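> how would this look folded up:
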Amino acid sequence: MADLFRTLLLATQCTEFDAGAERVAIALAARRGIPLYAVVPLVSNTEYETFAPLLEDVAEAQAAAGLKRLRETAAARHVTLIGNVRLGEEPYREILAEANERAADLIVARKRGKRGFLASLLIGEMVHAMTRHAPCDVLLVPREADIWSRGILAATDGSPHGRRTTQVAASIAAAFALPLTLVSVATDEDPDGRIATDHVNAAALAARAAGASVQEQMLTGKASEAILRAATQAGADLVVLGRRGSNPVKRTLLGGTSEWVASHTDCPVLIVRADD
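Numbers count the residues shown, from 1 in each chain. Okay, the predicted model is just below:
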């Protein structure tokens with residue numbers, strides 16, 4: 001894991017929903033022996049400043065208090081926390097700006113806050129937008145979750161991006177001395193699963209070469225449901241998925257499979273960014 005997670009950015013609004021992300025980010029920084037950067041994004045625009053200036057002052061004071069609490073919690077783990085409050089019209093843009101300025105290679109954020117008006121965006125609108133456009137990998141953490149200690153599951157599709165997902169998962173598994181389950185899901189174009197089997201077997205060879213203890217599985221059915229079911233059966237408490245799939249027609253900046261799994265699992269989900 002020496003080449004991973006060299007610069008960590010915790011995105012938090014210091015609410016109850018951020019507790020898991022805060023806990024995992026501090027634990028990762030402590031394990032890596034590195035400082036932890038944190039950003040608290042606050043909404044601010046001309047209308048807000050004009051009609052509710054006192055509310056903005058209160059929000060900034062609460063953010064500062066939240067960062068003070070986080071610094072004290074991090075210090076107890078011998079982690080230096082460097083925090084920043086950023087004001088802007090769209091909080092996710094402030095998170096991305098901070099990530100770019102810090103050259104972060106991992107953003108740690110909550111999975112969701114209060115449900116918004118778009119019920120389909122189960123991971124929350126701000127987190128959805130941030131993850132879609134993040135310049136680096138993103139770790140989404142449910143509020144009750146802790147750093148992984150049982151096992152890791154990663155999905156691959158045989159694409160160059162899928163290979164990076166495997167590399168990242170294998171590196172984490174080796175560093176934490178945890179078992180790694182690698183899966184590949186057969187598609188409609190691969191009804192007998194031969195291609196998926198070849199993909200997962202090749203990924204397993206690469207992961208073992210990286211020092212990971214690996215089991216491989218070829219899955220059938222709807223990809224999101226099959227991956228979640230496999231993670232549960234394997235007892236994994238970290239799921240590693242790619243942001244893009246290999247199909248240039250169907251893929252989106254945040255694949256539907258990754259979003260669905262992140263929305264429905266109770267463990268952290270690491271969404272690996274495709275190499276450009």
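> and residue 86, what element?
strand 81-88 (DSSP states H and E).
> restricting to C-alpha, output the following helix or strand past that strand in CSV.
As assigned by DSSP H and E, the chain's next helix or strand after strand 81-88 is helix 91-102. Provided in CSV are the C-alpha atoms of helix 91-102 (Å, rounded to 0.1, in the frame of the first residue of the first chain):
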residue,chain,number,x,y,z
PRO,A,91,-20.6,22.0,-1.5
TYR,A,92,-19.4,19.2,-3.7
ARG,A,93,-17.4,21.7,-5.8
GLU,A,94,-15.6,22.9,-2.7
ILE,A,95,-14.7,19.4,-1.9
LEU,A,96,-13.3,18.8,-5.4
ALA,A,97,-11.4,22.2,-5.3
GLU,A,98,-9.8,21.2,-2.0
ALA,A,99,-8.9,17.7,-3.4
ASN,A,100,-7.2,19.3,-6.4
GLU,A,101,-5.3,21.9,-4.2
ARG,A,102,-4.1,19.1,-1.9
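> which residues touch helix 91-102?
7, 9, 11, 13, 37, 39, 41-43, 84, 86-88, 104, 107, 109, 126-127, 129-130, 133-136 (CB atoms under 8 Å, 6 or more residues apart in numbering). Glycine gets a C-beta too; all of them are placed from N, C-alpha and C.
> what do you get if the cut-off is 10 Å, keeping everything else the same?
Helix 91-102 has contacts (CB atoms under 10 Å, 6 or more residues apart in numbering) with 7-13, 37-44, 82, 84-88, 90, 104-107, 109, 125-136, 138.
> what angle separates the strand holding residue 86 from helix 91-102?
130 degrees (axes from the mean of the first three to the mean of the last three CA atoms, to 10 degrees).
> got the buried residues for the lengthiest helix in the chain?
If each helix of the chain is counted by residues according to DSSP state H, the longest one is helix 53-76. The neighbour-count check on helix 53-76 (16 or more other CB atoms under 10 Å) flags 56, 59, 62, 63, 66, 67, 70, 71, 74 as buried.
> what does stretch 6-18 give?
Counting neighbours by 16+ other CB under 10 Å, stretch 6-18 gives 7, 8, 9, 10, 11, 12, 13, 14, 17, 18 as buried.
> and it, C-alpha only, in PDB?
Presented in PDB, the C-alpha positions along stretch 6-18 are these (Å, rounded to 0.1, in the frame of the first residue of the first chain):
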ATOM      1  CA  ARG A   6      -0.400   9.100   0.300                       C
ATOM      2  CA  THR A   7      -2.600  12.200   0.600                       C
ATOM      3  CA  LEU A   8      -5.900  11.700   2.400                       C
ATOM      4  CA  LEU A   9      -8.800  14.200   2.300                       C
ATOM      5  CA  LEU A  10     -11.700  13.800   4.600                       C
ATOM      6  CA  ALA A  11     -14.900  15.500   3.400                       C
ATOM      7  CA  THR A  12     -17.200  16.100   6.300                       C
ATOM      8  CA  GLN A  13     -20.000  18.400   7.500                       C
ATOM      9  CA  CYS A  14     -19.400  17.300  11.100                       C
ATOM     10  CA  THR A  15     -22.800  15.700  11.400                       C
ATOM     11  CA  GLU A  16     -23.900  12.300  12.800                       C
ATOM     12  CA  PHE A  17     -23.900  11.000   9.200                       C
ATOM     13  CA  ASP A  18     -20.100  11.800   8.900                       C
END
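> now for the longest helix of the chain, which elements pack on it?
helix 19-32, strand 36-43, helix 46-51, strand 81-88 (3 or more CB pairs under 10 Å, 6 or more residues apart in numbering; DSSP states H and E).
> name the residues of stretch 145-156 that are buried.
Under 16+ other CB under 10 Å, the buried positions of stretch 145-156 are 145, 147, 148, 151, 152, 153, 154, 155, 156.
> nearest to residue 233, of those?
Set against residue 233, the nearest of the buried residues of stretch 145-156 by CB to CB is residue 153 (9.3 Å).
> and the closest one, which helix or strand is it part of?
strand 152-155.
> for the first helix or strand past that strand going along the chain, name the packing helices and strands.
Counting by DSSP H and E, the element after strand 152-155 in chain order, helix or strand, is helix 160-176. Packed against helix 160-176 by the contact rule (3+ CB pairs under 10 Å, 6+ apart) you find helix 19-32, strand 137-141, strand 152-155, strand 179-185, helix 194-209, strand 213-219, strand 238-242, strand 269-272.
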